[in-house]
Structures are given as C-alpha cells and as structure tokens.
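1. Predicted model follows, preceded by the sequence.
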Amino acid sequence: MTQQHPDLAAEQAYIDHAYECLETSRTDAWKLRSIHEGTLGGTVQARYERDVFDETLVNRLTQLDLGDAALVFGRIDRLADPLIESPDAFESFHIGRLAVADSNREPVVVDWRAPVAEPFYRATGREPMGLARRRHFAVQGRRLLGVEDELFGEGHLGVGDDDGLAASQPGAGLRGYSTLLSVLERGRTGQLGDIVATIQGEQDEIIRSPQAGVLVVQGGPGTGKTVVALHRAAYLLYTYRFPLEDQGVLVIGPNRVFLRYIERVLPSLGEAGIEQVVLADLVHDVTWGGIDSPLAARTKGDLRMSLVVDKAVTDRERPLREDLVVGFRTGYLRLTASESQRIVRTAQRRFRRHNSGRRWVEGEIWQSMANTWREGDMSAATVKDGIRQMPEVRLAMERMWPVLTPADLLHDLFGSKALLKLAASKHLSEDEYLSLYRPRADDVESIRWSDSDIALLDEARSYLGVRPLKAGGGEEADEIRTYGHIVIDEVQDLTPMQLRMASRRSLNGSMTVVGDIAQATGPLAPNGWEDIVTHLPDRKGSRIIGLSVGYRIPAQIMEVANKVMMAATPSLRPPTAVREGEDKPDFIQVDDRAALPAAVAAETARLVAEIADGNIAVVAADPMVEELSAALTAAGITHGRATRTALDTGVTVVPVSVVKGLELDGVIVVEPAAIVADEQQGLRALYVALTRSTRRLSIVHALALPDAML
C-alpha cells in the first residue's frame, strides 16, 4: 500500500464521524445512568428493575470503551437489488468492532458478528455472497493508514478471479493479504490481540458454526486457533445473548501465564463478562504447589481414578462392628450392629451424594435408639438432645456416615496404604495405587495439592455433594456451577479425568475445544482426537474442523520445526505457512557447557538490538531457568520471568512447561537436547518451543542437537 488510495480521505472522514457517534452514545449512556442513580427507594420490584437497568448500562459503557482498539476496519459494497446493476443500486456497510448508530438511529458501523457482516469474511470469487467490493482498512487507533480493495464479479465495480484476488498476487486466496501481513508483522506487545479485522474464511466458518454440541478445532502453531475460539465465544454471546448471558460462558486455559496473555482479547470485542480460568480456579479452599512423580501424575489422570474415588467414598459408609450402648437417664439406649447396617445400606440406595444422606442417617439413628427405650414412649428428638454430644455417639456417627470435604476424603485415602488398597486394588496395579501414597499430614489445610489432584478433588466433590451446615439448616453453597458454553484451549494436554471435570460444568453439551495433537505434552498425551472426544459430552454429537493455514510463523522457522513434528507425530500434517521471514533460524553451538549461559546472554543482547519494537523470550527446560536468569542479570539485561511477570517485559525467561500458546517476535531456544530429556513428551515439547516466534529464532546449544532437528 505504497500509493495512497483515492478514497483514503473520504474513508478517514467517515471513521471520524463514526467515532463522534460513538462518543455521543457513550455520553448519552452516562446521562441515563446518572439520572437512574438518583431514583432511590421504591418497591422491591422497582429496585430490582433499577438494578437490572443499571447493570445493562454498565455493560453497554464497557462495550463503548474501546481503548486503543480500532472501531472500523472494513467496508462491503453489495447490490441492493440483484436485478439492477446501476451504480446507484449499491449499498455499503462499514464493518467494525461494535454497532454504532447516528442520532437518527441509522447504522453507521455494523457489528462484525451481525449476519450482514458475514460476507466480509467469507466471500470469494466463486461465492461472492452478493458483494461487488470488499474493502480492508489498515488502521492504527483512529487513524486510517491505508485502504485495500478486493473486487468481485463482472460488470459491477471490477473483475475478480476465483478467490477475489488476482492469482498471480502473493497470498492469493487470503482475504486482505496486505492488511493481514501488516498486522502479522507488527511487534508483539506481550499480550494477545484480537484478529477481528483479519479473520480468514476458514476461521470465520469456525467462529460462526452452530452452537450445539462439541466443536473440536485442530490447529497447528500459528493458525490462530486460540483467537478463533475466543472470537467464537464473543460471537455466540452476541447471537444467543439470551439465554447465554444468564447461563454463562467459561474459558479454560492451560496456565496463568497463558490467561494473562489472552486477557485483553474478549474485552476488546465488547465481551467482558466471560469467565477465564485455569482448572485450579474451579476448586476452592485448598493450597496448590505439590509435585507428583511421573507415575502418580499418569495414574491420577487415568479415568479409572473415578472408580477409585467412588469406592473411597463408599468405604467411608460403614456399619458398626459391635452394638453401641450408652447410658440415658435411669437406663440405656442401644444401636445394634445389624440395625446400623440397615441404616447404612438404605442410605446408600436413597442418596446419590454422600453428604446429602447425613441428616437422614442421624434421624434413623435417633429413632432406632429411641425404640430401644424400655418405656417405649421416648421421642427421637429427646434422644438426640440427650446423647448427641457423647464422644462414643459422635465416634459411631463418624464411622457410619462422616461429613467429608473432598480434601478430607483424599487426605485420608492418600495417607493410608490400607485405604488405597481397599479402594483401588480392583482398578489399579499395586505400583499405580502405591504411587498415590504420601505420609499423612497433621492438618489437611497444610497440604499443598498438585495439578493432578485438581480433577480428583472435583471428582470427590461430585460424589460427596454439599455439606450440611452445622447450625441454621440448609447446605453449603458448594454446588458445581454449569455453563451454557465452554471453551477449552490446549485441550490436548488435559487428562481424561480433567476432561471429565470440564464436561461436568457443561449445562447442555455445548463446547468449543481447540488444540494440536502434535503439541500434546501432558502425562497421558492422546494419539488422536477420538481419545479426547470420548470424554466430552455426547448429547448433541461432535464435529472436528481443521485449520490448515499458518499465519503467524515464517516458513523458514516452520521448516525446522516440522522436522521435529514429523518425528514426534508422523501421522499429522503441518500447517501451510503463508509468509516468508527475512531470516533463517540461527544455530549457535558452544564447545563448553559452562559457556552456555553467557552465550545465551550474548544472543539475547543481539536480538534486543535488532528487534527494537518487539519482545523476546528465552525458552529452556524448567531446571535451567534460574541459571539463565542469573546470566542475563550478570550481563545487565533487564528481563522478567514468565511465571512471575507473564510477558510484561521486553525480555522474558520462559520455562518450556508454560510456553505453549504464546507468541513472540524473537525466541531463543536453549539446549534442545535438555528439553527432550526433561519433558515427558520431549520431542513434542521441543516442537512447541520452536514454534513460538513470529520473526526470529535462535537455537543455542552445547550438547548435540536431537536427531529430529538434523
């Protein structure tokens, strides 16, 4: 776009007008809210309606605050009447981040999610969808930098080929190729941006796909699967505002570094109310930080653990070994072992969740003991008031039907080899269930639970249910919340138990799950999507869609990474890279392992000097992070650590365990052989590390490179 487009000034004027209308809408919304705040009191119904109105206004004001994001990014021209081809018969729509109208309520900007905007993303020369022209804007904030036109059909505004572009042009088949390249070549900011202005046809098909069922998106590095999933969440909320706004939308990410990285995407699309979590956020009142052995992690992720947890709960529902006899007034009350067995067995049949049965069991105990009073006229309530605080009675109650938290249950289970054998011997091998054992802590609140425990604690909660409150009746607010739609990113790394946990939160089976089998690095890495789909809701079926084009990673970098991918997952095809980088990856070998940190620091300094407008990551096996951070400090290079500062600094040291899903301008991969050796899925982890850069890649090593890279 070196030559200025003749319509540049007119389109800039239109964009300025759109911003004026947006500011007017924002001002009017604030006026409405200030008027509304002055109306206090009234009936309960009036106060409720006022609260709803205020919440709606706050949401609208949030949508109207775009920050630095561009409001308008394109325009479509189409025939108002297909039978008339005069210039006056065309109608135009400017496409933008949200809908804006003028003072007469006439549309100035059309929301990108509206049906009328669909041709902006989907039209081709073969299927122009009624378009005569599609116009792309290169925009920075409010300033229009350039205009790019695609013409469709004959006899309209011009002639287009099969893809709406001249076949000889670079990027033929890509919508708005020049605009797309200008976006891709901008420096990274340390946080993921939206792609609403440059969505391609295959991406838009996924975004606008029907809500029902499970949609699986397979996408290699750089295909945009993460932003596509987030845009889909925004699209579904726009299209199905009711009931989705009340039901809720949940986004599950792989780690907190990733959540920090994506946190601005949905607000920039006008959707700030979507929950974005890691799985640990869905389990409350425990402390994280524990580490499992590889065998324990694999065992805890196996679906058989659901049977073990179920059996562990049943094992805590036990009749008495002998009769309970307690003194009462001038006589005795008795609960026989056989009667306790009847109570326990009946409760197991009647109650699906363990804690729900506690009050019924207590009532049966009081009544059974009252029936043994010699006079025959004792009430259960009198018995309860008279003996419930006796230590032997409380001990018997805890044996028969204890009130348990998930942490209580697993603390007891993992702290006893006898309980582990009782619960797991029919489902796990001895080595497997003994790998779960850990010495019992004095206080359950002091335990640091591992990532693999998350799904087990949630599984236990699903069997135990809410706990009865000690006083005042009712139950604890500990129910598992469900959502109208769930998005899971990097789903290939979730274990069957974690997939089961996520599925438990689906209200209606509607999910979007995205990932790449080639990047699976978890303890139970799947071989194909069928290994994942089988653990997801099947009420409305599932669909698998692939993203085939890599937009982010230059072809030279993909060439190196694809060698590793083919060695790790030979059955998969890599995405097609659409852009050529300026530089090939640099391989830097040092002769002495002791010289490696200094070599990494020197390469970092070089990239900092050459990539002034972007960010850089030093990616290494987790045990090397401290050493490399110290080397950068010694070299005077200001940097952050991904686990502490996300990507908020220009240079960040990133453990390979949390690098997945991130994108950076420059990446230094340190000691590939160490990454392969330290990770459970070593080659796949290396593939992930090699595919994070959008511009420059350096590999610094002392050990020989893995064979897959040669």
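-> Cool, got the structure. Residues are numbered from 1 along each chain as shown.

2. all strands of the stretch 201-350 of the chain, in order?
-> Taking DSSP state E, counting those that start in this stretch, the strands of the stretch 201-350 of the chain run over residues 214-219, 249-252, 275-277, 287-290, 324-328, 331-335.

3. Would you convert those strands into a markdown table that also reports mean neighbour count, distance to residue 438 and mean pLDDT?
-> Every residue, glycine included, has its C-beta placed from N, CA and C. A markdown table is the format used below for these (neighbours: other C-beta atoms under 10 Å; distance: least, C-beta to C-beta, whole Å; pLDDT from 0 to 100):
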| stretch | mean neighbour count | distance to residue 438 | mean pLDDT |
| --- | --- | --- | --- |
| strand 214-219 | 24 | 36 | 96 |
| strand 249-252 | 24 | 27 | 96 |
| strand 275-277 | 16 | 27 | 95 |
| strand 287-290 | 12 | 9 | 94 |
| strand 324-328 | 16 | 33 | 94 |
| strand 331-335 | 17 | 35 | 93 |
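
4. want to throw those into TSV with distance to residue 566?
-> Shown next, in TSV, are the strands of the stretch 201-350 of the chain (distance: least, C-beta to C-beta, whole Å):
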stretch	distance to residue 566
strand 214-219	16
strand 249-252	30
strand 275-277	34
strand 287-290	36
strand 324-328	68
strand 331-335	68
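
5. And these: which comes nearest residue 363?
-> strand 331-335 (12.9 Å; C-beta to C-beta).

6. Least confident secondary structure element in the protein?
-> Using mean pLDDT, DSSP states H and E, helix 44-64 stands out as the lowest-scoring helix or strand of the chain, at a mean of 56.

7. following that one, which helix or strand shows up next?
-> The C-terminal neighbour of helix 44-64 among helices and strands, as given by DSSP states H and E, is strand 72-79.

8. pull the CA atoms of the helix or strand just after that next one into PDB?
-> Toward the C-terminus, strand 72-79 is succeeded by strand 90-96 as the next helix or strand (DSSP H and E). Only the C-alpha atoms of strand 90-96 are listed here, as PDB (Å, rounded to 0.1, in the frame of the first residue of the first chain):
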ATOM      1  CA  PHE A  90     -25.200  -0.400  -4.500                       C
ATOM      2  CA  GLU A  91     -25.400  -0.200  -0.700                       C
ATOM      3  CA  SER A  92     -22.400   0.000   1.600                       C
ATOM      4  CA  PHE A  93     -21.800  -1.200   5.200                       C
ATOM      5  CA  HIS A  94     -18.800  -0.300   7.300                       C
ATOM      6  CA  ILE A  95     -17.800  -3.200   9.400                       C
ATOM      7  CA  GLY A  96     -16.400  -2.700  12.900                       C
END
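
9. Compute the inter-axis angle for strand 90-96 and strand 72-79.
-> For strand 90-96 against strand 72-79, the angle by axes from the mean of the first three to the mean of the last three C-alpha atoms, to 10 degrees is 160 degrees.

10. From the chain's centroid, how far away is the next helix or strand after strand 90-96?
-> For strand 90-96, the succeeding helix or strand toward the C-terminus, using DSSP H and E, is strand 100-101. Centroid displacement of strand 100-101 relative to its chain, using C-alpha atoms, centre = their mean, to the nearest Å, is 32 Å.
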